[in-house]
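>>> Okay, sequence plus prediction incoming.
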There are 4 protein chains.
Amino acid sequence: MQETRRTPKQTRARVTVDAVLDAVVRIVKREGFAAVTTNRIAAVAGVSIGSVYQYFPNKAAIFAALHDRHVREMSRRIDEALVDHASASLEDLVRALVTAMVDAHAQDPELHDVLTNEVPNRGGPRAFQSRLRDALRLALAAREHLKPRQMERALFVLPNLIEAFAHGVAADRDGLSRTAAREEAVRATLAYLRACR
Amino acid sequence: MQETRRTPKQTRARVTVDAVLDAVVRIVKREGFAAVTTNRIAAVAGVSIGSVYQYFPNKAAIFAALHDRHVREMSRRIDEALVDHASASLEDLVRALVTAMVDAHAQDPELHDVLTNEVPNRGGPRAFQSRLRDALRLALAAREHLKPRQMERALFVLPNLIEAFAHGVAADRDGLSRTAAREEAVRATLAYLRACR
Amino acid sequence: MQETRRTPKQTRARVTVDAVLDAVVRIVKREGFAAVTTNRIAAVAGVSIGSVYQYFPNKAAIFAALHDRHVREMSRRIDEALVDHASASLEDLVRALVTAMVDAHAQDPELHDVLTNEVPNRGGPRAFQSRLRDALRLALAAREHLKPRQMERALFVLPNLIEAFAHGVAADRDGLSRTAAREEAVRATLAYLRACR
Amino acid sequence: MQETRRTPKQTRARVTVDAVLDAVVRIVKREGFAAVTTNRIAAVAGVSIGSVYQYFPNKAAIFAALHDRHVREMSRRIDEALVDHASASLEDLVRALVTAMVDAHAQDPELHDVLTNEVPNRGGPRAFQSRLRDALRLALAAREHLKPRQMERALFVLPNLIEAFAHGVAADRDGLSRTAAREEAVRATLAYLRACR
DNA sequence: CATGAATGAGTGTTCATTCAT
DNA sequence: AATGAATGAACACTCATTCAT
């Protein structure tokens, strides 16, 4: 009773916004980015075009919200891994982070591809890299004694490393299996970390 | 006498095509992707819109050609590194490849960003990953004794890794100097390679 | 209460469609066929170009609809003559049919000319000849004992005969008076019919 | 040696002009009227676009010349029939005229359809009706004693009649053989003529 | 609030015509 | 004279956005 308690207004807004964002994804996947018109979005989302403009000031804002949602979902996973493995070893935490990112992308590779290569993204797709960097900063600071210089370098390398694998898994659909790719990602990350010490 | 010898037709075509592609880049950088209209391209390229359509069947073909040119430039650099370091150690070759890619992107980060995030890219940015993969296949086969399985994994990982770093160095190094970032990228790549053995 | 009762949607559509078709006719008459651009049609019809495309998928469809409307109008007149003179003599029925066709064309000869000679007409202008043929088939079958062979021939000749006069009246603006032409048409048609017996 | 003697210039002009006109017909038949562009005409005619403009001031002139050629061909046939049957009965002459027109259209119905319904025709297709009218005036004056009023009417009716049948035979005879249709056209025309007396 | 018909600025593209070679 | 690359005005059509209902 208490947790689902939002005003009807908020709920409806939430539902409509999500329907719109999902519609964009569905259209890009099925008909390509060129088919993403605001009217089509409304139709696929099952709302009127007027309602779309009730929630988004313009088309670009829809894309921005879509990217935002993705970044938030990624951040959620990162935070979760961080908290769940707060007292685990660095190896285990890194494994958890890598697994979270790879799995997130592997789950719907097409979605990831769409977000990365088709939907315009003024903010850059690197928005959640900084969240990842922050998470790693916390993790490393608590566990390793790295000189500031080393820390900086590691914080440059690791997010790129992790994204490379996540990206690779999503793109190379008939390459490595998800499990193998994930293992490879963990191995590469830990190898680098060891080389840092 | 011999090197500049092309038919006037070919030369003119080349010049026009390049002017058009450069115009696209210039417009995206200065006014954003939304300002890239075919008529604007023609104006900035200093040719008539009719001439643009003499060389490109439609707008999408212009973008495709732009990506193509980029891929070719990348391939050129990869090939060069491969040949120049034909008898060098694997470490040196990998260093050369990473450096080549990083430098290529760092040279005009804005251009790279534009090509990656703004200009629609149906073929995927993976076109030159496969060139990179081929180069690495040659390099590894001649130097390391990897089991097929190991080779497969390394060839999946390395191109993604290198591209991620090239991106990363060009985009946000978060305080790291470009040289330091590049050095760290090489170190991370070699760390992975060593872990493969 | 009952006769004007249509949904607003249908009424509005009807009005817009007719305004568009009338606009085409007006433009062709006043400025020639070359001046018939979709934007000009919209302007003259008093609607936005977007609305035109709400009702017609493309420019050709506008022309098709225009011809269609003409054919329907002709068919209406034919049917009316047929029913009104169901129990009249063949002479009277033929006179009614000829009169209907000639008058229809004489009423707005310029319109007819435009439809015949300027507006592209993929379906052929003969669409309403077949309606005329059907009407005559009914009329003759009920009144004359023609052998199948004779019937076939009469059904080939009569529509052509009638169209020749209608066409002639519309085209030859300073030729015979409308009444005279109509009388001449009736005379020729009946002469032929008598020769068939 | 003497009759084909024209200056090379004139001959070349003739050949080019004809090639251009034939090209138009070929394109309309094969690809539809929309495909008739000046550049395509030049290509199909096997000459350069520049040469086309050497002989025609603009595109409309090409269409005009095409109609002109058709009218001239029709006139030739009319004149021939007139002379060949100078001392024949009116029936025979009319039969000859109808046959000439019907056959001319039946020979290449597609061409005729194209010229009538697709190629813009500012002059109206009536150009050769007046030639036909003149021929009939001569024929009737020499053979029948019609009052001026009757003559006027006959000269209004007959060309329209004959053209309608020529059209009709070429287009849709609805099961009738071409010979039968032509015979019936002659019968109908003569029936009208007799009713004039 | 929701709707969706209407809007019209702006786009990609064509093609008649020119003119330097 | 012949060529055909270049031109650019003009077109058909789309689609983000508005607003009366």
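Ah, there it is.
>>> From now on I want contacts and neighbour counts done on CA atoms only, so please keep to that.
Fine.
>>> Around DNA strand F, which positions in chain A sit nearby?
Applying CA under 7 Å from any atom of the strand, we find that chain A lies next to DNA strand F at A:34-39, A:49-50, A:53, A:57-60.
>>> Narrow these to those that are buried.
A:36, A:38 (16 or more other CA atoms under 10 Å in any protein chain shown).
>>> Considering the residues of chain A next to DNA strand F, which is situated nearest to chain C?
Checking the residues of chain A next to DNA strand F against chain C by CA to the nearest CA gives A:Asn39 as the nearest, at 13.4 Å.
>>> what helix or strand does that closest one sit in?
Using DSSP states H and E, A:Asn39 falls within helix A:38-45.
>>> ok, back up a step: ok, and of the residues of chain A next to DNA strand F, which contact DNA strand E?
A:49-50.
>>> avg pLDDT for the following helix or strand past the helix holding A:Asn39?
Later in the chain than helix A:38-45, the nearest helix or strand by DSSP H and E is helix A:49-55. Average pLDDT, helix A:49-55: 97.
>>> Tell me if the first helix or strand past helix A:49-55 going along the chain is near chain B.
Downstream of helix A:49-55, the first helix or strand assigned by DSSP H and E is helix A:59-84. No - figure legend: helix A:59-84 not in contact with chain B (CA under 8 Å from any CA of the partner chain); closest approach 11.0 Å.
>>> Same question for stretch A:107-123.
Yes - counting by CA under 8 Å from any CA, contacts between stretch A:107-123 and chain B involve A:116-118, A:120-122.
>>> and the helix or strand harbouring A:Val114, what does it pack onto?
Assigned by DSSP H and E, A:Val114 belongs to helix A:109-117. Here helix A:109-117 touches helix A:8-31, helix A:148-171, helix B:109-117, going by 3 or more CA pairs under 8 Å, 6 or more residues apart in numbering or on different chains; DSSP states H and E.
>>> And those helices: which comes nearest B:Arg77?
helix B:109-117 (15.3 Å; CA to CA).
>>> For stretch A:146-164, buried residues please.
For stretch A:146-164, by 16+ other CA under 10 Å, it's A:151-164.
>>> From those, pick the one nearest A:Ala195.
Closest to A:Ala195 out of the buried residues of stretch A:146-164 is A:Ala154 (10.3 Å), distances taken as CA to CA.
>>> follow-up on the earlier one: identify, out of the helices and strands packed on helix A:109-117, the most deeply packed stretch.
Comparing the helices and strands packed on helix A:109-117 by mean neighbour count (mean count of other CA atoms under 10 Å in any protein chain shown), helix A:148-171 ranks first with a mean of 22.
>>> Adding pLDDT as columns, could you present the residues of stretch A:107-123 next to chain B in a markdown table?
A markdown table is the format used below for these (pLDDT from 0 to 100):
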| residue | pLDDT |
| --- | --- |
| A:Thr116 | 82 |
| A:Asn117 | 79 |
| A:Glu118 | 82 |
| A:Pro120 | 83 |
| A:Asn121 | 79 |
| A:Arg122 | 72 |
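>>> quick one, what contacts the residue positioned nearest the centre of chain A?
Among the residues of chain A, the one closest to the centroid is A:Met74, at 3.6 Å (CA atoms, centre = their mean). By CA atoms under 8 Å, 6 or more residues apart in numbering or on different chains, A:Met74 lies in contact with A:101, A:104, A:128.
>>> which ones among those residues are found in helices?
A:101, A:104, A:128 (DSSP state H).
>>> for chain A, which spans come out with low pLDDT?
Along chain A, segments meeting pLDDT under 70 span A:1-10, A:123-126, A:172-176.
>>> Residue numbers of it in contact with DNA strand E?
Residues of chain A lying near DNA strand E (CA under 7 Å from any atom of the strand): A:9, A:12-13, A:47-51, A:54.
>>> Show me which pair in these is furthest apart.
A:Lys9 and A:Ile49 (18.5 Å).
>>> ok, back up a step: for the helix holding A:Asn39, which helices and strands make contact with it?
Packed next to helix A:38-45, using 3+ CA pairs under 8 Å, 6+ apart, are helix A:8-31, helix A:49-55.
>>> Now do it against helix A:59-84, angle only.
Helix A:38-45 runs at 50 degrees relative to helix A:59-84, counting by axes from the mean of the first three to the mean of the last three CA atoms, to 10 degrees.
>>> Can you list the neighbours in contact with helix A:38-45?
So helix A:38-45 is in contact with A:16, A:19-20, A:22-24, A:27, A:48-49, A:52, A:59, going by CA under 8 Å, 6+ apart.
>>> try it again with 6 Å
Applying CA atoms under 6 Å, 6 or more residues apart in numbering or on different chains, the external contacts of helix A:38-45 come out as A:19-20, A:23, A:48-49.
>>> wait, which of the contacts of A:Met74 is closest to A:Leu93?
Of the contacts of A:Met74, the one sitting nearest to A:Leu93 (CA to CA) turns out to be A:Met101, at 12.4 Å.
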